[in-house]
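Q: Return a 3D structure for these sequence lines:
(chains A and B)
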Amino acid sequence: MIRRMDAVKLDVQKLVAGYIPGHPILHGVNLKIAPGQITVVLGPNGAGKSTALRVLAGFLAAESGSVRLDGDEIVDLPTYRHIESGIALLPQGHSVFPDLTVAENIELGGWILRGDRRRLHQAVDDVFTRYPHLRDLRNKSAGSLSGGQQRTVEIARLLVSNPRVLLIDEPSVGLSPVIASQVYRELTALKAEGRTILLVDQDIRAAIRIADYIYVLNSGKNEIEGDRAAFEGDLGALVRGWLGV
Amino acid sequence: MFALFFLPSRHGQRRIVGGRLATLAIAAGLVGYGAMSSNLGAIDTLGTVFMYLVVTQAWNILGGYGGYLNFGMVTYFGIGAYASAVLFQYFGLSPFLTAPLAGAAAALFGLLIGIPTLRLRGAYFAVITIIITFAVQLLMLDLPFTQGALGIFLSPLAANPVFVERLFYFIFFALAATATTLVFAVENSNFGWALVAIREDEDAAEVIGVRTTAVKWTANALAAFMTGTVGGIYAQRILYIEPTGTFALDISLNVVLMAVIGGAGTWQGPVIGVPLVLLVAEALRVTVTSEVNRVIFSIIVILIALFVPGGIMGLLQEVRRRMRPLVRKSAGETMPRTGG
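A: Residues are numbered from 1 along each chain as shown, chains lettered A, B, ... in the order given. This next block holds a predicted model:
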């Protein structure tokens, strides 16, 4: 299935990457991430979903291939340059700074704005306005919060630098279904603001529900792809059968 | 320490000004004592306190703020001591010149050794720092210009012992004040926040854009420079260095102990921990003459580790935190402050 789109925010071509040189996890993965949409990457364990996300965030060097953001090559840039380019990663599992307060966590989210204190304070204030319940928790240590609250702090921290592309890795892991559904609603709201989202998830049903376009990886290669309608129809049954869900 | 009075702080101004005035008063008292006292034993002990304070503050940068527990600070100390001794012995350089060069030698070593070691985390990093100490110690035994186990003898700076003791007292005092001021500045800087973020969660720190590798290298090199400089001066003070004593693991362990007991990750921690540990150990050594003094000291350390994990500063901060609502209530403030 060939994807047709007018614009590509993030263009991944023939990406080869892994943790041990010469033993790649990704064997030439291709992804075209449309602006202002939610693109979901699915696949079984070991498919290379999180590895792809780590390369796109600049955490992991690619052996070969290309990653273009708005046409500019970024594959060899370090993590902080990716963030400066407007790409932010929400990693899998909890990533708050546990002994720091909620306010400190959120302020650290604006690390790349540290040279402009006025802009940083405005960005932090905007985030507290967006998540008013965090204002009441601002002096609590982040590690003492519930799992759902910690995830909100992580998302809030992510937004301080106002990224245009969000890379989200397994956002519902460890959360109750109610909290997880709130997280997915938040992702939809972020999309409505015009942000581009690349979501890697094991919760296939929830991910497909909010997806505009879906890629399935298997053993580090593109397996199938299509829009939500295709996956909710026959293709959905095919994938569920293939993944055993 | 004097500069602490003038530097800005992110804490409440009234409390800080009071604290800074007290710090200034203590510093002035120490200067006066060094100039007036004829008790050479006390001058010598205080000089040692200042020396350890520099090394412990140096450890504090990467260990306390960054969470990288270096159990091999004596490596930088020993490299500095040997660099100073060799430069003095073979090249006739002034001890006042050899000290910063000793610091530079240790910093260079710290930068190079940091390339492989700072990739390790947690216990792996701690263990490798001990192994490096032993490796460098063996190297000093084998290198021709270090004169192996015989060590290097140095000439005294002056014949008058009172003058020499006072001189080192003031040198170590000045370095301790500078180191403490530097750590205070680190604590209140973006660099300090970067280290704290690394300590809290290194991956998350990278996610927000902290250049973790550069920050760790800088912290390590800075710590190595400070420690190497002090090591260089130590060699000129003790006038004889050899591998076993100069690279004694005790020094590294003491430094960690002092920082942890005082409160790692705060500039005040080493200021409290260093004199406390040295003076308690000395008092026990004098009053309990058998080896039992070490057992008692160990028990005290274990009790502190168990019941005051944040060190004395952690305890004080906890007390202050619990007192805050009472103070607010008495001041008529009944609702907690909220807002962005």
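
Q: for whichever strand or helix holds residue B:124, which positions count as buried?
A: Following DSSP states H and E, one finds residue B:124 within helix B:122-142. Within helix B:122-142, the residues scored as buried using 16 or more other C-beta atoms under 10 Å in any protein chain shown are B:125, B:126, B:128, B:129, B:130, B:132, B:133, B:136, B:137, B:140, B:141. All C-beta spots, glycine's among them, are computed from the backbone N, C-alpha and C.

Q: same deal with stretch B:314-323?
A: For stretch B:314-323, by 16+ other C-beta under 10 Å, it's B:314, B:316.

Q: Is any residue of it near chain A?
A: No. Stretch B:314-323 does not reach chain A (C-beta under 8 Å from any C-beta of the partner chain); its nearest approach is 9.9 Å.

Q: which other residues reach that stretch?
A: Residues from elsewhere that reach stretch B:314-323 (C-beta atoms under 8 Å, 6 or more residues apart in numbering or on different chains): B:263, B:308, B:310.

Q: Strands along the stretch 151-300 of chain B, start to end?
A: Secondary structure of the stretch 151-300 of chain B (DSSP state E, counting those that start in this stretch): strands at B:152-153, B:240-241.

Q: meant to ask about chain A, not that
A: With DSSP state E as the criterion, chain A has strands at A:10-17, A:26-33, A:38-42, A:62-69, A:72-73, A:87-90, A:165-169, A:196-200, A:213-218, A:221-227.

Q: In TSV: the buried residues of helix B:122-142, plus pLDDT and distance to residue A:190.
A: Shown next, in TSV, are the buried residues of helix B:122-142 (pLDDT from 0 to 100; distance: C-beta to C-beta, whole Å):
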residue	pLDDT	distance to residue A:190
B:125	96	37
B:126	95	41
B:128	97	42
B:129	96	44
B:130	96	48
B:132	97	47
B:133	97	50
B:136	97	52
B:137	96	56
B:140	95	59
B:141	94	62
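
Q: Quick check: chain neighbours aside, which residue is closest to residue 191?
A: Using chain A here. Excluding the flanking residues, the one nearest residue A:191 by C-beta to C-beta, 6 or more residues apart in numbering or on different chains is residue A:38, at 5.2 Å.

Q: wrong one, I was asking about chain B
A: residue B:215 (6.8 Å).

Q: List the residues that contact that neighbour.
A: B:66, B:191, B:194, B:195, B:198.

Q: what's the neighbour count on the fourth one?
A: Counted with other C-beta atoms under 10 Å in any protein chain shown, the neighbours of residue B:195 add up to 29.

Q: before we move on, back to that, against residue B:185, how distant is the residue nearest to residue B:191?
A: Distance of residue B:215 to residue B:185, given as C-beta to C-beta, to the nearest Å: 15 Å.

Q: go on, residue A:208?
A: Remark: distance between residue A:208 and residue B:185 (C-beta to C-beta) = 52 Å.

Q: ditto for residue B:162
A: Plainly put, residue B:162 is 35 Å away from residue B:185 if you go by C-beta to C-beta.

Q: okay, the two: which has more neighbours?
A: residue B:185 (16 against 11).

Q: Look at the more buried one and report its pLDDT.
A: The score at residue B:185 is 96. That number is its pLDDT.

Q: Buried residues of the longest helix along chain A, list them for me.
A: Counting residues, the longest helix found in chain A (DSSP state H) is helix A:177-192. For helix A:177-192, the neighbour count (16+ other C-beta under 10 Å) marks A:179, A:180, A:182, A:183, A:184, A:186, A:187, A:190, A:191 as buried.

Q: before we move on, back to that, I'd like the contacts of residue B:215 as CSV, with pLDDT appended.
A: Listed next are the contacts of residue B:215 as CSV, based on pLDDT from 0 to 100:
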residue, pLDDT
B:66, 97
B:191, 97
B:194, 97
B:195, 97
B:198, 97
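
Q: what residue ranges in the chain are flagged as low confidence?
A: Since you didn't name a chain, this refers to chain A. Counting by pLDDT under 70, the ranges of chain A that qualify are A:1-6, A:234-245.

Q: Chain B was what I was after
A: For chain B (pLDDT under 70), the answer is B:1-18, B:324-340.

Q: residue closest to the middle of it?
A: By C-alpha atoms, centre = their mean, chain B has its centre lying nearest to residue B:56, at 1.5 Å.

Q: From residue B:318, how far out is that residue?
A: To residue B:318, residue B:56 is 22 Å away according to C-beta to C-beta.

Q: What is the host helix or strand of residue B:25 packed up against?
A: Using DSSP H and E, residue B:25 maps to helix B:13-36. Using 3 or more C-beta pairs under 8 Å, 6 or more residues apart in numbering or on different chains; DSSP states H and E, the elements in contact with helix B:13-36 are helix B:40-59, helix B:161-187.

Q: Between helix B:40-59 and it, find me the angle.
A: Interaxial angle, helix B:13-36 versus helix B:40-59 (axes from the mean of the first three to the mean of the last three C-alpha atoms, to 10 degrees): 140 degrees.

Q: Next, the buried residues of helix B:13-36.
A: Those would be B:16, B:20, B:23, B:27, B:30, B:31, B:34, for helix B:13-36 by 16+ other C-beta under 10 Å.

Q: CA atoms only: put that helix into CSV for me.
A: Extracted as CSV, the C-alpha positions of helix B:13-36 are listed here (Å, rounded to 0.1, in the frame of the first residue of the first chain):
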residue,chain,number,x,y,z
GLN,B,13,17.2,36.3,50.5
ARG,B,14,16.7,37.0,54.3
ARG,B,15,17.7,33.5,55.4
ILE,B,16,20.6,33.5,53.0
VAL,B,17,22.0,36.8,54.1
GLY,B,18,21.9,35.6,57.7
GLY,B,19,23.7,32.4,56.7
ARG,B,20,26.3,34.3,54.7
LEU,B,21,27.0,36.7,57.6
ALA,B,22,27.6,33.7,59.8
THR,B,23,29.9,32.1,57.1
LEU,B,24,31.8,35.4,56.8
ALA,B,25,32.2,35.6,60.6
ILE,B,26,33.5,32.0,60.8
ALA,B,27,35.9,32.7,57.9
ALA,B,28,37.2,35.9,59.6
GLY,B,29,37.6,34.0,62.8
LEU,B,30,39.7,31.3,61.1
VAL,B,31,41.9,33.9,59.4
GLY,B,32,42.4,35.6,62.7
TYR,B,33,43.2,32.3,64.5
GLY,B,34,45.7,31.3,61.8
ALA,B,35,47.5,34.6,62.1
MET,B,36,47.5,34.8,66.0
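
Q: Between helix B:161-187 and that helix, find me the angle.
A: Using the same axes, to 10 degrees: helix B:13-36 against helix B:161-187 is 160 degrees.

Q: Now do the nearest residue to residue A:171 once chain neighbours are set aside against chain B, distance only.
A: Among residues not flanking residue A:171 along the chain, residue A:183 sits closest, at 5.0 Å (C-beta to C-beta, 6+ apart). Distance, residue A:183 to chain B, using C-beta to the nearest C-beta, to the nearest Å: 17 Å.
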